[in-house]
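Visitor: Output the structure for:
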Amino acid sequence: MNISVMTVSFPLDGETLKEVKLLCEEATIHDYRVYETIMSVPMASSFESKGFMVLAYEDEQDLLVGAASAIDLMGLHTYEWSLVVTPAYRQKGIGAALVEGIQAGLADRGAEGQLAVVIDGSPYGHAFIENKGYAYSFSEATLETKAEPVELQTDISIQPYAGEQGELIAIYSEAFGDLPEESEELITFNTSTNGRKLWVAYRDGLVVGTVTTAQENEIQWVTALAVHPNCEGQGVGTALLSFSKDYASKVGAKFVMLDVEIDNKKALSVYEKAGFMKAQQIDYYVKQ
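Guide: Residues are numbered from 1 along each chain as shown. Alright, predicted model coming up:
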């Protein structure tokens, strides 16, 4: 068996993207785990995505049997990467070759940080990545609900971002512990990236919260949801989630999804009360 490994930058051409989708679908059917999202397939065809894939082909059949995908989601030179190998070709050294390709690609691009991403419960995934010198860092749950019209609260107005940078920096600092420059970068990213919209919640003329929505095919992602510390427990988070579901239905999305750290019990409770259910868990590893 001869395997050829090659690296290609985003955006992928149509034929390669189709091959990667088929690979992910085969692994999903076998493992009962959804691989397309962690492999960044929906973003791999975009010129705005900063990332690359390492592809492993079985030479005789010219068949894609494994792939690894790395993406710099926030444009901060920190890449998240994951890999998948078709079931029939596992434990044959292909995964190790893909990891080598990823490390070479990260070095070529001057990456300043990396996170290896593994779906909880995926066969061999956790043991494999630990054997490659990575240590567990944290876990996120992906939650989902249906996009549907929602009767919105009348006391909270949610509007597109219109320059409320100072207020949002203060909110992000309290909610996420971000430095001012990190918050500025987040605002810039969420207001300049195609498909992403930054929203600001007002009550009585004051900024009380924020959320960003991101379109990905039939999914509307919810991210960077934060509530002013003086307004916690007053229904602002629920109003932002209701707005997100309503907005998703208006733009033709079928589902609303979000990620939340497993240890954030307070946020999990808010999301579950808003009708979100756990779809899967993603575990993150750092290089030791």
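Visitor: ok, which stretches of the stretch 101-250 of the chain are strands?
Guide: Taking DSSP state E, counting those that start in this stretch, the strands of the stretch 101-250 of the chain run over residues 113-119, 134-146, 157-160, 196-203, 206-216, 219-227.
Visitor: Contacts only, for residue 8.
Guide: Applying Cβ atoms under 8 Å, 6 or more residues apart in numbering to residue 8 gives the contacts 16, 52, 53, 55. The C-beta positions use only the backbone N, C-alpha and C, and glycine is treated the same way.
Visitor: Could you count how many residues lie near the first one?
Guide: Residues within reach of residue 16, counting by other Cβ atoms under 10 Å, total 18.
Visitor: my read: residue 16 touches residue 55, true?
Guide: Yes: Residue 16 lies in contact with residue 55 (Cβ atoms under 8 Å); the separation is 7.2 Å.
Visitor: could the strands of the stretch 101-250 of the chain go into CSV alongside mean pLDDT?
Guide: Formatted as CSV, the strands of the stretch 101-250 of the chain follow (pLDDT from 0 to 100):
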stretch, mean pLDDT
strand 113-119, 96
strand 134-146, 95
strand 157-160, 97
strand 196-203, 97
strand 206-216, 95
strand 219-227, 95
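Visitor: Of those, which is nearest residue 10?
Guide: Nearest to residue 10, of all those, is strand 206-216, at 14.7 Å by Cβ to Cβ.
Visitor: Centre of the chain to the helix or strand in which residue 18 is found, how far?
Guide: Applying DSSP states H and E as the criterion places residue 18 in helix 14-31. On the basis of Cα atoms, centre = their mean, to the nearest Å, helix 14-31 sits 18 Å off its chain's mean C-alpha point.
Visitor: Same check on stretch 253-266?
Guide: Taking Cα atoms, centre = their mean, one finds stretch 253-266 lying 11 Å from the centre of the chain it belongs to.
Visitor: domain ranges for the chain?
Guide: As assigned by automatic domain parsing, the chain contains the domains 3-132, 144-280.
Visitor: wait, residue 162 sits on residue 200?
Guide: Yes: in terms of Cβ under 8 Å, residue 162 counts as a neighbour of residue 200; the distance is 7.3 Å.
Visitor: in this protein, which spans are helices?
Guide: Assignment of helices within the chain using DSSP state H yields the ranges 14-31, 94-108, 125-131, 165-176, 180-192, 236-250, 265-273.
Visitor: picking that back up, and the contacts of residue 8, which two are the farthest apart?
Guide: Largest separation among the contacts of residue 8 by Cβ to Cβ: 16 and 52, giving 11.7 Å.
Visitor: can you pull the alpha-carbon coordinates of stretch 104-119 into CSV?
Guide: Provided in CSV are the C-alpha atoms of stretch 104-119 (Å, rounded to 0.1, in the frame of the first residue of the first chain):
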residue,chain,number,x,y,z
ALA,A,104,5.0,21.3,8.9
GLY,A,105,2.1,23.4,7.6
LEU,A,106,1.9,25.3,10.9
ALA,A,107,5.6,26.0,10.9
ASP,A,108,5.5,27.3,7.4
ARG,A,109,2.7,29.7,8.3
GLY,A,110,4.3,31.0,11.4
ALA,A,111,1.6,29.7,13.8
GLU,A,112,2.0,31.0,17.3
GLY,A,113,-0.4,28.4,18.9
GLN,A,114,-2.4,25.3,18.2
LEU,A,115,-5.2,23.3,19.6
ALA,A,116,-5.8,19.7,18.6
VAL,A,117,-9.5,18.9,18.4
VAL,A,118,-11.1,15.5,19.1
ILE,A,119,-14.8,14.5,19.1
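Visitor: re earlier: who has more neighbours, residue 162 and residue 200?
Guide: More crowded of residue 162 and residue 200, by other Cβ under 10 Å: residue 200, with 21 against 7.
Visitor: so the more buried one touches residue 166, yeah?
Guide: No: in terms of Cβ under 8 Å, residue 200 does not count as a neighbour of residue 166; the distance is 11.8 Å.
Visitor: now what about stretch 281-288, what contacts it?
Guide: 38, 80, 114-121, 126, 129-130, 133-142, 259, 262.
Visitor: Oh, that last question was meant for stretch 242-251, not what I typed.
Guide: Residues contacting stretch 242-251 (Cβ under 8 Å, 6+ apart): 145-150, 152-153, 158, 199, 201, 211, 213, 215, 220, 222, 255-256, 274-275.
Visitor: Generate a PyMOL selection restricted to the buried subset of these.
Guide: Buried residues among the contacts of stretch 242-251 (16 or more other Cβ atoms under 10 Å), as a PyMOL selection:
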select buried, resi 145+147+150+153+158+199+201+211+213+215+220+222+255+256+274+275
